[in-house]
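Undergrad: need coordinates for the below:
(2 chains)
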Amino acid sequence: MARLEQRRRFIQRALAGTAVAALGGVYFLSDDLTRAARAESRKDGRPRLPPGQRVLSKLRPMGGEPSDTPPSQYRVKVYGEVEAPFELSLGELAAMSSEHGVDVHCVTGWSVLGARVKGVPLAKLAERAKPKSKARHVIFEAAHGYTSNVPIAEALRPNVLLAQGLEGQSLPRAHGGPLRAVVPDLYFWKSAKWLEGVRFVEHDEPGYWETRGYHNHADPWREERYG
Amino acid sequence: MATTITPTPGAKSATADAARARKKLPIRPWLRALHRDVGYLAVGFTVIYAVSGLSVNHIADLGDPSFKDVNRTHQLARRPPEASTSTEAVASSVLAQLGITKKPSDVYRASDTELDITLTEEHRLHVDLARGTIQEEAREPRFFLRLANWLHLNRGKKAWTYLADGYAVFLLFLAASGLFMIPGKKGLLGRGGVFVAAGVLVPVLYVVLSGGP
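TA: Predicted coordinates for the structure are as follows:
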């Protein structure tokens, strides 16, 4: 009998411990950064933090297969349905770069707000390439065949960048260095790391994750996570 | 005066008899002894497979857990040569100051003030010549996780395949012997049965609810 009571007491304490741990988890999820961000709005009237997101203080690398190309041979191509295709070296891109503050939102549920990214707006490169009127989408082409697709109107927004720097330093390889796309208003998988090409196309071409069950558009404010 | 107590036939008595019969199962002491000894043998394997399992489960979120990305900043003690100096000479001067003797596989000067030195694919230096700072980026192995993942993912093949098969058989034995080694009050008809059913139902329900592969 005493043993039975001892066991009951143990189970009760274990359950109480689990409840306390779970409450701790709830507190952890509703942290200060996230609470503060939820109170903010963007210029377009949308909340600064999309639904279902939690704010982190710095980017997570999230994996992927880095480029093997040495920096001296690295070129990014801007081509496809354009009047004047061209290639740029990292040095040429660096000469055009400036620092921007961007918010990014990962489909796995974290966001980083106000990350300092050094890069060139894609719109600036598009001015030089002159997309043809039939170009409707932009395909970001990365190392080892990774691609992501973005409608041209969204790809040419002024906050879409080809980035080489992060928080005052060179973009680390784990984050896509030497060059990655940054598309702040779509889930972060659209921001292809180890970027090698920007191709303007007439017809949409769903990319690596889009053909593996993820949403073709990926708007964080509509929670377009899965297709 | 002697009193004879005649047992009253009934359900309760039948349950007690059945419980007694279960308790007398002669194989139980053997199961307990074997379960304990196989459990001892499985400790090392279990730690390796469990720790590695936790880490590889999150590869997509956190990258390859066998390695850690290191980012260090150094300040050059002496100013690097003037901008007009050749790229190779500037790189040599930077490497000498850091005490690195390895020959770089690539040196690239993006501008007068930016120099990238690639020592290996996973060890790079980004030099800011204006400020004399170096951002060192490297990928370093995590000793235990690298070994555990190498074993878990059976990258070495050869004899490990058979050892891992043996461990899997041990696990099956531990699961099966665990069902019967202690009789319990109601055996598998009580709490044990509920837990076994829950353990079976969790993966089944997950497959059904998630739509499966």
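Undergrad: now the strands for chain B?
TA: B:67-75, B:106-109, B:114-120, B:123-128, B:133-141 (DSSP state E).
Undergrad: ugh, wrong one, chain A
TA: Using DSSP E, strands in chain A cover A:54-56, A:75-80, A:86-89, A:98-105, A:110-121, A:137-142, A:147-151, A:161-166, A:169-170, A:180-182, A:195-201.
Undergrad: got the contact list for the residue nearest the centre of chain A?
TA: Ranked by distance to the mean C-alpha position of chain A (Cα atoms, centre = their mean), the top residue is A:Phe188 at 2.0 Å. Listed by Cβ atoms under 8 Å, 6 or more residues apart in numbering or on different chains, the contact partners of A:Phe188 are A:62, A:104-107. Backbone N, C-alpha and C define where each C-beta goes, glycine included.
Undergrad: do the same with A:Glu210
TA: Going by Cβ under 8 Å, 6+ apart, A:Glu210 touches A:148-149, A:216, A:227.
Undergrad: the spatially closest residue to B:Thr113 that is not a sequence neighbour: neighbour count?
TA: Residue nearest to B:Thr113 in three dimensions, not counting chain neighbours: B:Ala130, with 4.1 Å by Cβ to Cβ, 6 or more residues apart in numbering or on different chains. Neighbours of B:Ala130 under the rule other Cβ atoms under 10 Å in any protein chain shown: 13.
Undergrad: by mean pLDDT, which helix or strand of chain A comes out lowest?
TA: helix A:2-29 (a mean of 70; mean pLDDT, DSSP states H and E).
Undergrad: circling back: out of the strands of chain A, nearest to A:Asp31?
TA: A:Asp31 sits nearest to strand A:54-56 of all the strands of chain A, at 7.3 Å, using Cβ to Cβ.
Undergrad: partner strands of the closest one, with direction?
TA: strand A:110-121 (parallel) (DSSP bridges).
Undergrad: enumerate the positions of the partner strand that are buried.
TA: A:110-113, A:115, A:117-121 (16 or more other Cβ atoms under 10 Å in any protein chain shown).
Undergrad: flag every residue of chain A that's near chain B.
TA: Within chain A, the residues that sit near chain B (Cβ under 8 Å from any Cβ of the partner chain) are A:60-64, A:66, A:68, A:70-74, A:89-91, A:94-95, A:108, A:169-170, A:172-174, A:177-178.
Undergrad: lowest-scoring secondary structure element of chain B by mean pLDDT?
TA: helix B:11-23 (a mean of 58).
Undergrad: what number of residues lie near B:Tyr206?
TA: B:Tyr206: 10 surrounding residues under other Cβ under 10 Å.
Undergrad: before we move on, what about A:Ser41?
TA: Neighbour number of A:Ser41 under other Cβ under 10 Å is 10.
Undergrad: and for A:Asn149?
TA: 23.
Undergrad: equivalent analysis for the one 4 residues further on, please.
TA: A total of 10 residues lie near A:Ala153 under the criterion other Cβ under 10 Å.
Undergrad: how close does the spatially closest residue to B:Gly190 that is not a sequence neighbour get to B:Gly156?
TA: Leaving out its chain neighbours, the residue that sits closest to B:Gly190 by Cβ to Cβ, 6+ apart is B:Gly184, at 6.1 Å. According to Cβ to Cβ, to the nearest Å, B:Gly184 and B:Gly156 sit 42 Å apart.
Undergrad: repeat for A:Leu56
TA: Distance from A:Leu56 to B:Gly156, by Cβ to Cβ: 36 Å.
Undergrad: show me which of these two is the more surrounded one.
TA: A:Leu56 (17 against 10).
Undergrad: can you pull the contacts of the nearest residue to the more buried one once chain neighbours are set aside?
TA: Nearest non-adjacent residue to A:Leu56, counting by Cβ to Cβ, 6+ apart: A:Trp110, 4.7 Å away. With contact set as Cβ under 8 Å, 6+ apart, A:Trp110 has these partners: A:53-56, A:60.
Undergrad: tell me the bridge partners for A:Trp110.
TA: A:Arg54.
Undergrad: quickly list the domain ranges of chain B.
TA: B:25-63+B:143-202, B:67-141 (automatic domain parsing).
Undergrad: what's the closest of the ones you listed to A:Gln164?
TA: With Cβ to Cβ as the yardstick, what comes closest out of the domains of chain B is domain B:67-141 (8.3 Å).
Undergrad: show me how far the closest one is from its chain's centre.
TA: 35 Å (Cα atoms, centre = their mean, to the nearest Å).
Undergrad: what's the average pLDDT for that domain?
TA: Domain B:67-141 carries an average pLDDT of 88.
Undergrad: and that domain, how far apart are its ends?
TA: Taking Cα to Cα, to the nearest Å, domain B:67-141 runs 4 Å from one end to the other.
Undergrad: tell me the pLDDT of the residue lying closest to B:Leu41 once chain neighbours are set aside.
TA: Leaving aside its sequence neighbours, B:Leu41 sits nearest to B:Phe170 (Cβ to Cβ, 6+ apart; 6.6 Å). pLDDT for B:Phe170: 96.
Undergrad: next one: the one 4 residues further on
TA: pLDDT, B:Leu174: 96.
Undergrad: list the residues that contact the spatially most central residue of chain B.
TA: Centroid check for chain B by Cα atoms, centre = their mean gives B:Ser52 as the closest residue, at 1.3 Å. Each residue near B:Ser52 by Cβ under 8 Å, 6+ apart is listed here: B:145, B:148-149, B:151-153.
Undergrad: can I get the residues you listed in TSV with neighbour count?
TA: TSV is the format used below for the contacts of B:Ser52 (neighbours: other Cβ atoms under 10 Å in any protein chain shown):
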residue	neighbour count
B:Leu145	20
B:Ala148	23
B:Asn149	22
B:Leu151	17
B:His152	20
B:Leu153	11
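Undergrad: give me the number of residues near residue 131?
TA: Using chain A here. Neighbours of A:Pro131 (other Cβ under 10 Å): 21.
Undergrad: I was thinking of chain B, sorry if that wasn't clear
TA: 10.
Undergrad: with B:Ile48 instead?
TA: 19.
Undergrad: from chain A, how far out is it?
TA: B:Ile48 sits at a distance of 23 Å from chain A (criterion: Cβ to the nearest Cβ, to the nearest Å).
Undergrad: please apply the same query to B:Pro29.
TA: B:Pro29 is 21 Å from chain A, by Cβ to the nearest Cβ.
Undergrad: pull the number of nearby residues for that residue.
TA: So B:Pro29, with other Cβ under 10 Å, has 10 neighbours.
Undergrad: wait, the residue nearest to B:Thr113 touches B:Leu115, no?
TA: No: if you go by Cβ atoms under 8 Å, B:Ala130 and B:Leu115 don't touch, sitting 10.7 Å apart.
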